[in-house]
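**Student:** can you look at this prediction? I've put the sequence above it.
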Amino acid sequence: MRRVLVTLLLLGFVVLPGQAAHAAAAICALYCDTRDPSLARQETFPVPAVTVNGRRLVLHVSDVDNMAWGSIDAGVLGDSVWLDRSFDGGATWEGLLGKASIPGTWTGTRTLMYNVADPSNHRRGLIRACGDARGVACTGWSHLPLCSPACDGAAGGTDAEAVRTTSLNGRTFALHLDAAGMAWGTVSGGQAGDEVWLDRSWDAGATWPGGSLLGRTTTARTAAYNTLDPASYLYGGAVRACGRAGSVTCTAWARPSANRAAAMADALMYSYDPNTAWWPSSWWNSAVALRTVIDYTRRTGDNRYLWTVRRTFDVNRVAFPAGARSSDPIDGHFISRSIDDSAWWGLTWIAAYDLTGDRAYLDEAVTVAGYVNGFYDTSTCGGGVWWDRERTYKNAVTIGLFLRLTAALHNRLAGDAAGDTVWLQRAVTGWNWFTASGMINSSGLVNDGLTGGCANNGQTVWSYNQGLAIGAAMELYRATGQTSYLDRARQLGTAALASPLVRSGVLTESCDVPPSTCDDNGKQFKGIFIGYLAEAGTQFQSFRTAQSNSVWATRDSLNRVGSRWAALSAADWRTQASGLSAVLAG
């Protein structure tokens, strides 16, 4: 052992056995650990190769795959190569990943590919290649420092938003953020020996391994550090400024908020799982969340999250057993026994087609719409779409989705052999049935559905049913040019704003009123409504702006928005998607 350590010291590399962490659990991001390097879509060499006893150790990285592999060349039988992966900045690591030894008369070999980061669990990783060729050596760690948009440790920066502060013993420690999301800390009123630094967390402040004491200094200001790592699919990084003046104090954790829409989108994308390619664990809610991301991309021109569209499409258009994506099985092509769930995905793929022009998305929407159309049934109540495959209920959400979907297909298939005229006929027939069904009550509000006797059941007026009716009318107006549809959309919007759906000027679901709380479905209703209301004209602009301002005012320091838009409330990704829709509509 002594001779090995002397050799390593001469080479400039020391690998202490006690530093290795526990055995690695397999990680899946875009792909799972142990992928064949021949499938890599890119090959870069982010750190210099290392020579040990004439053998060459190389770390290969494909940033687009977020994976790495190691190789050893000019070796002999028995020489080996492996990867180490660290999630705490290199303090400890998972060792011997993919260890491979040179066989037979070969002179080299390589490992399989391993993920550099673990975005599903919000862990930023570092990776290096190591080898044993009568002595052990390792390359430097890859992906240190982080460079997006500038590199960690950059100088300068101009405040773009409110500064967060904390005080201790007469000193003020402050967290600053610029327009690009770079953060730095300062201390004012300090004395000799005082320190200031940043902590950075990828899991909303729960932990910060490898992100502690960034830029630690006894001067008045730290260098600047990033809050995003797009190469590792890590979004929504949080930072805080800390200082020592006898004891230690820190500001609250915060995310950048100079750009409202981007701040809200980053907080939403924090919960997206690139491995399973959805927002665990709600099926139809994920369709609406993805559509909101598409809407964000289209409105802002920010393409950072464009990759999620294709990723979600490719991973999720297959069949899934019950419990994998929903309590029901998914049959493939986003179809399930819940007709409304299927239709939400159809609308999402229309939005994806509008954004990208990729016909595969439009064809998928046609497949979904064909399935939904199969449940339009004139034998009960004269028309309408069944809510489920068992044909137990005709309700507002399913007919609203059907109308929007069929009219939207006509508008995108005009002159196409796929039958645009048929889709318009279905939309018009369905609209005529819906407006005559009694589901829209005398106040111009849409109740939840019909009784077994085909009458308005008087159940809750949910904002998303009102929004879907507006959205259907607007799509039919674009399809036909008939102003009666536009007029009806605006009437439905005006009725909603004059109803109990609005309290003290703020859109409020009935389940938002304490002590009630909205379930996972209701959390996204208001965002759906406000998105469709935005299509109905400038007469609703002041209301939309008020909703955007109210949502923004009720966010927490991590830019998370709850279900209630009038006050701070519990947040998750569903409420975040809804709030982002309000900000985009404002």
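**Tutor:** Looks like it arrived, so ask away.

**Student:** contacting residues around Gly108?
**Tutor:** By CB atoms under 8 Å, 6 or more residues apart in numbering, Gly108 lies in contact with Ser71, Ile72, Asp73, Ala74, Gly75, Ile102. Backbone N, C-alpha and C define where each C-beta goes, glycine included.

**Student:** quick check, central residue of the chain?
**Tutor:** Residue closest to the average C-alpha location in the chain (CA atoms, centre = their mean): Met269, at 2.2 Å.

**Student:** what sits against that residue?
**Tutor:** Tyr235, Gly236, Val293, Tyr305, Thr308.

**Student:** ok, 10 Å please
**Tutor:** Counting by CB atoms under 10 Å, 6 or more residues apart in numbering, Met269 makes contact with 228, 230, 233-236, 279, 289, 293, 296, 304-305, 308, 573, 576.

**Student:** how much space separates it from Leu290?
**Tutor:** 11 Å (CB to CB, to the nearest Å).

**Student:** cool, Arg544 as well?
**Tutor:** If you measure Arg544 against Leu290 using CB to CB, the figure is 22 Å.

**Student:** what of Asp487?
**Tutor:** 32 Å.

**Student:** which of the two has more residues huddled nearby?
**Tutor:** More crowded of Asp487 and Leu290, by other CB atoms under 10 Å: Leu290, with 28 against 12.

**Student:** isn't the more buried one right up against Leu580?
**Tutor:** No - because the distance of 11.8 Å does not satisfy CB atoms under 10 Å, Leu290 is recorded as not touching Leu580.

**Student:** hey, where'd the helices end up in the protein?
**Tutor:** Applying DSSP state H to the chain gives helices spanning 2-11, 260-269, 283-300, 307-316, 339-356, 359-373, 396-412, 420-436, 463-480, 483-497, 525-533, 541-553, 573-585.

**Student:** can you give the distance of the fifth one from its chain's centre?
**Tutor:** The reference is to helix 339-356. Helix 339-356 sits 17 Å away from the centroid of its parent chain (CA atoms, centre = their mean, to the nearest Å).

**Student:** okay, now Cys518: neighbour count?
**Tutor:** Other residues near Cys518 number 23, with proximity taken as other CB under 10 Å.

**Student:** that one: what's it in contact with?
**Tutor:** Under the criterion of CB under 10 Å, 6+ apart, the neighbours of Cys518 are 509-512, 524-526, 562-564, 569-570, 574-575, 578.

**Student:** drop anything exposed from these.
**Tutor:** Buried members of the contacts of Cys518, counted by 16 or more other CB atoms under 10 Å: 509, 511-512, 524-526, 562-564, 569, 574-575, 578.

**Student:** so, low pLDDT: which residues of this structure?
**Tutor:** 1-23, 417-419 (pLDDT under 70).

**Student:** can you redo the helices of the chain as CSV with distance to Thr107?
**Tutor:** Putting the helices of the chain into CSV (distance: least, CB to CB, whole Å) gives the following:
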stretch, distance to Thr107
helix 2-11, 21
helix 260-269, 45
helix 283-300, 48
helix 307-316, 38
helix 339-356, 46
helix 359-373, 45
helix 396-412, 57
helix 420-436, 63
helix 463-480, 64
helix 483-497, 72
helix 525-533, 60
helix 541-553, 62
helix 573-585, 51
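
**Student:** so for Thr222, which of those helices sits nearest?
**Tutor:** The closest approach between Thr222 and any of the helices of the chain, judged by CB to CB, belongs to helix 260-269 at 22.1 Å.

**Student:** just the angle between the closest one and helix 573-585, please?
**Tutor:** 160 degrees (axes from the mean of the first three to the mean of the last three CA atoms, to 10 degrees).

**Student:** distance between helix 260-269 and the chain's centre?
**Tutor:** Its chain's average C-alpha position is 9 Å from that of helix 260-269, according to CA atoms, centre = their mean.

**Student:** just the CA trace of that helix, in CSV.
**Tutor:** The C-alpha atoms that make up helix 260-269 are tabulated as CSV, following Å, rounded to 0.1, in the frame of the first residue of the first chain:
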residue,chain,number,x,y,z
ARG,A,260,-42.3,36.6,-14.0
ALA,A,261,-43.1,34.0,-16.6
ALA,A,262,-39.6,32.4,-16.6
ALA,A,263,-39.7,32.3,-12.8
MET,A,264,-43.0,30.5,-12.8
ALA,A,265,-42.0,28.2,-15.5
ASP,A,266,-38.7,27.2,-13.8
ALA,A,267,-40.7,26.4,-10.6
LEU,A,268,-43.1,24.2,-12.7
MET,A,269,-40.2,22.4,-14.5
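
**Student:** mind listing what's buried in stretch 403-421?
**Tutor:** By neighbour count with 16+ other CB under 10 Å, stretch 403-421 contains the buried residues Leu403, Arg404, Leu405, Thr406, Ala407, Ala408, Leu409, His410, Asn411, Arg412, Leu413, Asp420.

**Student:** wait, I meant stretch 344-364
**Tutor:** 344-353, 355-356, 361-362, 364.

**Student:** and which of those is nearest Gly458?
**Tutor:** Trp344 (25.2 Å).

**Student:** the closest one and Met269, how far apart?
**Tutor:** Taking CB to CB as the measure, Trp344 and Met269 are separated by 19 Å.

**Student:** ok, back up a step: okay, and the common contacts of Met269 and Leu290?
**Tutor:** Common neighbours of Met269 and Leu290 (criterion: CB under 10 Å, 6+ apart): Trp279, Tyr305, Thr308.

**Student:** how about stretch 143-150: buried residues?
**Tutor:** By neighbour count, and taking 16+ other CB under 10 Å as the criterion, the buried residues in stretch 143-150 are His143, Leu144, Leu146, Ser148, Ala150.

**Student:** let me see the contact set for the closest residue in space to Gly108 that isn't next to it in sequence.
**Tutor:** For Gly108, ignoring the flanking residues on the chain, the nearest one in space by CB to CB, 6 or more residues apart in numbering is Asp73 at 4.0 Å. Applying CB under 10 Å, 6+ apart, we find Asp73 in contact with 49, 51, 54-58, 79, 81, 102, 106-110, 131.

**Student:** what about Phe320, distance to Ser326?
**Tutor:** Look at Phe320 and Ser326: by CB to CB, they are 8 Å apart.

**Student:** scratch that, Ala180
**Tutor:** 39 Å.

**Student:** same thing with Arg490?
**Tutor:** With CB to CB as the criterion, Arg490 and Ser326 are 36 Å apart.

**Student:** ok, now Leu97?
**Tutor:** Distance check for Leu97 against Ser326: by CB to CB, it reads 35 Å.

**Student:** returning to what we had before: got any residues that touch both of Phe320 and Ser326?
**Tutor:** Residues touching both Phe320 and Ser326 (CB under 10 Å, 6+ apart) are Trp283, Ser336.

**Student:** follow-up on the earlier one: of the buried residues of stretch 344-364, closest to Ser38?
**Tutor:** Among those, Thr356 lies closest to Ser38 (CB to CB), at 28.8 Å.

**Student:** spit out the contact partners of that closest one.
**Tutor:** Thr356 makes contact with Ile294, Thr297, Arg298, Leu306, Val309, Arg310, Leu362, according to CB under 10 Å, 6+ apart.

**Student:** just give me the closest of the residues you listed to Thr538.
**Tutor:** Out of those, the one with the shortest distance to Thr538 is Arg298. That distance is 19.2 Å, counting by CB to CB.

**Student:** which ones are touching the residue nearest to that closest one when sequence neighbours are not counted?
**Tutor:** In space, and not counting its chain neighbours, Arg298 is closest to Leu355: 5.3 Å by CB to CB, 6+ apart. If a contact means CB under 10 Å, 6+ apart, then Leu355 has Val293, Ile294, Asp295, Thr297, Arg298, Asn303, Leu306, Val309, Tyr361 as its contacts.

**Student:** isn't the fourth one right up against Thr308?
**Tutor:** Pointing back at Thr297 there. Yes - look at Thr297 against Thr308 with CB under 10 Å: they come within range, at 9.2 Å.

**Student:** ok, back up a step: can you list the buried residues of stretch 403-421 in CSV and add distance to Thr435?
**Tutor:** Converted to CSV, the buried residues of stretch 403-421 look like this (distance: CB to CB, whole Å):
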residue, distance to Thr435
Leu403, 10
Arg404, 15
Leu405, 17
Thr406, 15
Ala407, 14
Ala408, 19
Leu409, 20
His410, 18
Asn411, 20
Arg412, 24
Leu413, 24
Asp420, 23
